[in-house]
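Engineer: Whatever this is, show me its structure:
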Amino acid sequence: MTARVLLDCDGVLSDFMGGVMPLINSILETSYTVDDVTEFSFAAALKLTPDQASAVKRSIGRTPRLAANLNVYPGAVDGVRRIREIAEIYVVTSSWDSNETWEFDRKAWLKRHFDIGHHDIVFTAAKHICVGDVFVDDRTETLAKWLEHHPTGTAVQWQTPHNRRDRWNGWSTNSWDELFRIVEFVRPFGTEVVA
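Structural biologist: Take a look at the predicted model:
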């Protein structure tokens, strides 16, 4: 039996912030970069007013095909391909509810770039309900909640500019080689191999 790996999409596979930054800058007439987003909430990181944050979120909701046009992070395609050789992969991702094409576009995007079909995708913000041996996400709070519900599992924080200040004592990487090694040494049901 192989390990089951649960991968987040935005921030791990797809460059969500890179995709929405032009919207933010267009609406606010600013010149922010992805590196300016130093916490998970881009609105908090950029110190947006409630009205500015609402305007940006409405724009994300109204932008058709946004999820279909996000860039793939460098190394992600090869990284996922390698891990699929030794483990089952499921993508566990939140939907942008106000964007009517988000889920359709996300499924098409994952199929096009990673050959991950709709049956291997779970849309939920309650990621802690998903059972796996390894869970990879860029949101530290989500990892902590998942680990509370799956204490024998392995939670891996995918390092990004927006989580570098977070307190996290577990695995943390943005290297597909390192993630491969982590998955390689995890037995199904969350039991790590003792060296």
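Engineer: Please count neighbours and contacts with C-alpha atoms only from this point.
Structural biologist: Fine.
Engineer: contact partners of the lengthiest strand in the chain?
Structural biologist: Secondary structure of the chain per DSSP state E: the longest strand is strand 87-93. Strand 87-93 is contacted by residues 2-10, 83, 120-125, 127, 130, 183 when judged by Cα atoms under 8 Å, 6 or more residues apart in numbering.
Engineer: Make a ChimeraX selection of the buried ones in those residues.
Structural biologist: This is the ChimeraX syntax for the buried subset of the contacts of strand 87-93, where burial follows 16 or more other Cα atoms under 10 Å:
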select :2,3,4,5,6,7,8,9,10,83,121,122,127,183
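Engineer: before we move on, back to that, identify the neighbouring strands of the longest strand of the chain in the sheet and state each direction.
Structural biologist: Each strand that pairs with strand 87-93, with its direction, by DSSP bridges: strand 3-7 (parallel), strand 121-123 (parallel).
Engineer: For the helix or strand just after the last one, list the C-alpha coordinates in PDB.
Structural biologist: Sequence-wise, the next helix or strand beyond strand 121-123 is strand 134-137, with elements assigned using DSSP states H and E. What follows is the C-alpha trace of strand 134-137 in PDB, where atoms were taken according to Å, rounded to 0.1, in the frame of the first residue of the first chain:
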ATOM      1  CA  VAL A 134       1.000  13.600   4.300                       C
ATOM      2  CA  PHE A 135      -0.700  17.000   4.000                       C
ATOM      3  CA  VAL A 136       1.100  19.900   2.300                       C
ATOM      4  CA  ASP A 137      -0.300  23.400   2.600                       C
END
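Engineer: where does this structure have low pLDDT?
Structural biologist: Scanning the chain for pLDDT under 70 picks out the ranges 188-195.
Engineer: Tell me how it divides into domains.
Structural biologist: Per the record, the chain has its domains at 3-15+69-190, 17-64, by automatic domain parsing.
Engineer: Pick the most buried one from the ones you listed.
Structural biologist: Of all the domains of the chain, domain 3-15+69-190 carries the top mean neighbour count, a mean of 18, counting by mean count of other Cα atoms under 10 Å.
Engineer: Any idea how far that one is from the middle of the chain?
Structural biologist: Distance, stretch centre to chain centre, for domain 3-15+69-190: 5 Å (Cα atoms, centre = their mean, to the nearest Å).
Engineer: In this protein, mark out all the helices, start to finish.
Structural biologist: Secondary structure of the chain (DSSP state H): helices at 16-28, 42-45, 50-62, 76-84, 102-114, 140-149, 176-184.
Engineer: Figure out how far the second one is from the centre of its chain.
Structural biologist: Mean-position distance between helix 42-45 and its chain equals 17 Å (Cα atoms, centre = their mean).
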